[in-house]
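Trainee: give me a model of this one.
(one chain, ligands or ions: 1)
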Amino acid sequence: MKVPILELKPAYDELRNDLDAAYRRVMESGWLLLGKELEAFEAEYAASIGVRHCVGVANGLEAMQLVLMARGIGPGDEVIVPSHGYIATWLAVTHVGAKPIPCESDPQTYNLDPNRIETLITPRTKAILPIHLYGQTADMPAINAIAAKHGLFVLEDAAQSHGARCHGGQAGALGHAAGVSFYPSKNLGAMADAGAVTTHDDALAEKLRHLRNYGSKIRYQNDYPGMNSRLSELQAAFLRAKLPKLAEWNARRALLARDYFDRLRGIGDLVLPHVPAWAEPVWHLFVVRTARRESLQKHLAAAGVGTQIHYPVPPHLSRAYADAGWKHGDFPLAEKLAGEVLSLPIGPHISREQVAHVCASVRGFFTQA
Ligand SMILES: *Cc1c(COP(=O)(O)O)cnc(C)c1O
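Mentor: This is a model prediction of the structure:
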């Protein structure tokens, strides 16, 4: 049995009629950017999250970058980011000229540890940028309380958490603004790069609508030095076709996650995800940990099971940040996680039989050795 880590074609098979109709609707309209499809998708996505505004942009990285830009965060400013996570979150800060200040994670949830944030706050700190990593939200009430106390802006990285909840509130509606990615492999994915900002803030949303389009409200009148970061009509139409499926697809992921928990508990040194009582994850990834990650990955590959590592190099040790002065040992937890995490296949088009095969293969690895 083969269990690929990711397959995008089955989503097309399931929604072929709707996606083909979306394509034809846009082609027949002859309107490709900043039109009715985007407007409709923004309204539908905002309603699904329960926020006042959704502003479509080109991708998740630029969504976060544009929010920081709109807030006037730049050179000389600091933004607190998780030490464990995807480098895009840090790059958004770097691209506006501000400095990412890494904060270690909670060792159980792998998300930003609220208990470690306050010691990192300086007069230069402007914002906190938690990631809802692997589809589970960070501890947002705790993070928001710290931010409120110090007058800081909270920007969620909601790229992996479409539909996730925290104390009942929805990811993307838990801070001042959120950057969302619709990269094809995300729980809600377009057919190319796409992203959005969600926010309750009217003025911020209005500013972002200009910043994504060269800083221009009226054509050829540029109020800010903006970017070209637009979500195309075609991608908006595809996202509109997929959005009604998101809840069902997330529920399928949750069922598989339950199977993983049932079948993988108490094996060797394998560490399963930790879900606090207040969290409702959407299982963008199902990430386990073991000190023998490399040999487990090889064993699974031989059994036809695809896996991935999210992420093998902590951002502070990435060559991209070679000039920033960080070194091995600076963020021990991030470095340990990077050496031990392994993502098992999960997704709306993976079957319970396939998950049973993955689990049997994992079990086989730990009992043989
Ligand atoms: C995918 C992802 C991003 C970047 O989104 P893009 O649309 O690829 O720019 C940012 N942060 C996290 C946590 C992600 O998973």
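
Trainee: now Arg319: how far from the ligand?
Mentor: 19 Å (Cβ to the nearest ligand atom, to the nearest Å). Quick note: C-beta positions are derived from backbone N, CA and C, even for glycine.

Trainee: swap that for Ser351, sorry
Mentor: 25 Å.

Trainee: Ile350 now?
Mentor: Separation of Ile350 from the ligand (Cβ to the nearest ligand atom) stands at 19 Å.

Trainee: could you find the closest non-adjacent residue to that residue?
Mentor: Nearest residue to Ile350, sequence neighbours excluded (Cβ to Cβ, 6 or more residues apart in numbering): Leu256, at 6.2 Å.

Trainee: so the one you found sits against His349, correct?
Mentor: No - using Cβ atoms under 8 Å, Leu256 is not in contact with His349; the gap is 10.5 Å.

Trainee: more neighbours, the two?
Mentor: Set Leu256 next to His349 and count neighbours by other Cβ atoms under 10 Å: Leu256 wins out with 22 against 16.

Trainee: what's near enough to touch that one?
Mentor: With contact taken as Cβ atoms under 8 Å, 6 or more residues apart in numbering, Leu256 is in contact with Trp283, Phe286, Ile346, Gly347, Ile350, Arg352, Val355.

Trainee: which of those residues are buried?
Mentor: Buried residues within the contacts of Leu256, counting neighbours by 16 or more other Cβ atoms under 10 Å: Trp283, Phe286, Ile346, Gly347, Ile350, Val355.

Trainee: distance check, the first one against Ile73.
Mentor: Right, the one you point to is Trp283. Distance, Trp283 to Ile73, using Cβ to Cβ, to the nearest Å: 32 Å.

Trainee: same check, this time on the last one
Mentor: Applying Cβ to Cβ, the value for Val355 to Ile73 is 42 Å.

Trainee: quick check: Asn59 touching Val180?
Mentor: No - in this structure Asn59 lies outside contact range of Val180 using Cβ under 8 Å: 9.8 Å.

Trainee: what touches both of those two?
Mentor: With Cβ under 8 Å, 6+ apart, Asn59 and Val180 have common neighbours Gly195.

Trainee: and those two? Which one has more around it.
Mentor: Val180 (30 against 23).

Trainee: after the helix or strand hosting Thr94, next one along is what?
Mentor: Element membership for Thr94 (DSSP states H and E) is helix 87-95. For helix 87-95, the following helix or strand on the C-terminal side (DSSP H and E) is strand 99-103.

Trainee: angle of that following strand against helix 87-95?
Mentor: Per axes from the mean of the first three to the mean of the last three Cα atoms, to 10 degrees, the angle that strand 99-103 makes with helix 87-95 is 140 degrees.

Trainee: which residues does strand 99-103 contact?
Mentor: Contacts of strand 99-103 (Cβ under 8 Å, 6+ apart): 77-83, 89-90, 93-94, 112-113, 116-117, 120, 124-125, 315-316, 326, 330-331, 334.

Trainee: for it, the distance to its chain's centre please.
Mentor: Chain-centre distance of strand 99-103: 18 Å, with Cα atoms, centre = their mean, to the nearest Å.

Trainee: show the average pLDDT along it.
Mentor: Strand 99-103 comes out with an average pLDDT of 98.

Trainee: so what strands line up beside that strand?
Mentor: strand 78-82 (parallel) (DSSP bridges).

Trainee: is any residue of the partner strand near the ligand?
Mentor: No - if you take Cβ under 6 Å from any ligand atom as the test, strand 78-82 misses the ligand, and the best it gets is 9.1 Å.

Trainee: which residue ranges of the chain form helices?
Mentor: 9-29, 36-49, 60-70, 87-95, 140-150, 202-211, 233-242, 246-264, 293-302, 332-340, 352-368 (DSSP state H).

Trainee: okay, the longest one in PDB with CA atoms only?
Mentor: In this case it means helix 9-29. Written as PDB, here are the backbone C-alpha positions of helix 9-29 (Å, rounded to 0.1, in the frame of the first residue of the first chain):
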ATOM      1  CA  LYS A   9      -5.400  15.700  -7.600                       C
ATOM      2  CA  PRO A  10      -8.100  14.000  -5.400                       C
ATOM      3  CA  ALA A  11      -9.500  17.400  -4.400                       C
ATOM      4  CA  TYR A  12     -10.000  18.200  -8.100                       C
ATOM      5  CA  ASP A  13     -11.700  14.900  -8.600                       C
ATOM      6  CA  GLU A  14     -14.100  15.600  -5.800                       C
ATOM      7  CA  LEU A  15     -14.900  19.100  -6.900                       C
ATOM      8  CA  ARG A  16     -14.400  18.900 -10.600                       C
ATOM      9  CA  ASN A  17     -17.700  20.300 -11.600                       C
ATOM     10  CA  ASP A  18     -17.500  23.300  -9.300                       C
ATOM     11  CA  LEU A  19     -13.900  24.100 -10.200                       C
ATOM     12  CA  ASP A  20     -14.500  23.800 -13.900                       C
ATOM     13  CA  ALA A  21     -17.500  26.000 -13.600                       C
ATOM     14  CA  ALA A  22     -15.400  28.600 -11.600                       C
ATOM     15  CA  TYR A  23     -12.800  28.500 -14.400                       C
ATOM     16  CA  ARG A  24     -15.300  29.100 -17.100                       C
ATOM     17  CA  ARG A  25     -17.100  31.800 -15.100                       C
ATOM     18  CA  VAL A  26     -13.900  33.800 -14.900                       C
ATOM     19  CA  MET A  27     -12.800  33.200 -18.500                       C
ATOM     20  CA  GLU A  28     -16.200  34.200 -19.800                       C
ATOM     21  CA  SER A  29     -16.200  37.400 -17.700                       C
END
